[in-house]
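Visitor: got a structure for you, letters missing:
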């Protein structure tokens, strides 16, 4: 289904004045744009956007102070380096509105307030300030950069710095329940999560490095997640834990207690709810089966609840 109401007030060699009063559609996938409207005025050097409004079934977004400058209209359409843009985006996001393109969000129906400033040029977008907030399950602030490659097959790459990413215990329970099967089971054991660090994405890889304080202890991470063509996730990298409750993380409090460790993981994945990975580790202290071990090294495969 498609609905459109567009008025072209002026269209000349160096002048454009268009009003989109209403544009909407509903795809077979279920993705629905209820309403999109804006007023656009452009000359041979500057384009301004006013009255921008976007509505999904529940999500609403508005764009303020948006403008684009360029050397020529031809460079605007080609997104060359001389094209410069800026603006402010605000709104309320319901993640499940995007479930037709991200299945994991189907049951995440709690709204988040969004505010961000953006600027950039060509195919480079900078977001100096972004904030996502829901008192119940997420509080996030930071900045980001997004790059679009000239090679369409490479898609987008992004770098984000999170000055604060906090999910209270109630939020962790809500997200792991709502996104059942799409998050590593260990996430549900962490209690709260308070993270500061960097996130980078490129192709099918997501790289995370930073410090997380959780209900199970303190963790320094430098991890990469790869996704194969079947949608399976594999994790590799380094983890440094301090007073980390492994019994809580592995859902096996009878065997595991507190631990300090420096671990390299390769190919971590989950078979059912059980982790499997090649592990190389230096362990200053580890509580296991009621005993405390010190100054250990591990080099082998963790599988079916034990090391080989």
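Guide: Looks like it came in fine. None of these values were measured; they are calculated from a predicted model.

Visitor: show the pLDDT at residue 106.
Guide: Here the pLDDT value assigned to residue 106 is 94.

Visitor: okay, the closest residue to it other than its chain neighbours and residue 63: tell me how far apart.
Guide: Distances taken as Cβ to Cβ, 6 or more residues apart in numbering place residue 99 nearest to residue 106, at 4.0 Å, with adjacent residues excluded. For glycine as for every other residue, the C-beta is placed from the backbone atoms N, C-alpha and C. Look at residue 99 and residue 63: by Cβ to Cβ, to the nearest Å, they are 24 Å apart.

Visitor: give the buried residues for stretch 239-255.
Guide: The neighbour-count check on stretch 239-255 (16 or more other Cβ atoms under 10 Å) flags 239-241, 244-250 as buried.

Visitor: so which of these are in strands?
Guide: 239-241, 244-245 (DSSP state E).

Visitor: do I have it right that the residue nearest to residue 106 meets residue 30?
Guide: Yes. Using Cβ atoms under 8 Å, residue 99 is in contact with residue 30, at 7.4 Å.

Visitor: more neighbours: which of these two?
Guide: Set residue 99 next to residue 30 and count neighbours by other Cβ atoms under 10 Å: residue 99 wins out with 18 against 12.

Visitor: so who does that one touch?
Guide: Contacts for residue 99 (Cβ atoms under 8 Å, 6 or more residues apart in numbering) come out as 30, 105-106.

Visitor: please redo it, this time with the cut-off set to 10 Å
Guide: Residue 99 sits next to 29-31, 105-109 when contact means Cβ atoms under 10 Å, 6 or more residues apart in numbering.

Visitor: so, low pLDDT: which residues of the stretch 151-300 of the chain?
Guide: For the stretch 151-300 of the chain, residues meeting the criterion pLDDT under 70 lie at 152-154, 231, 268, 270-274.

Visitor: can you show me the strands along it?
Guide: 156-167, 193-202, 205-214, 217-227, 233-245, 256-271, 274-288, 291-303 (DSSP state E, counting those that start in this stretch).
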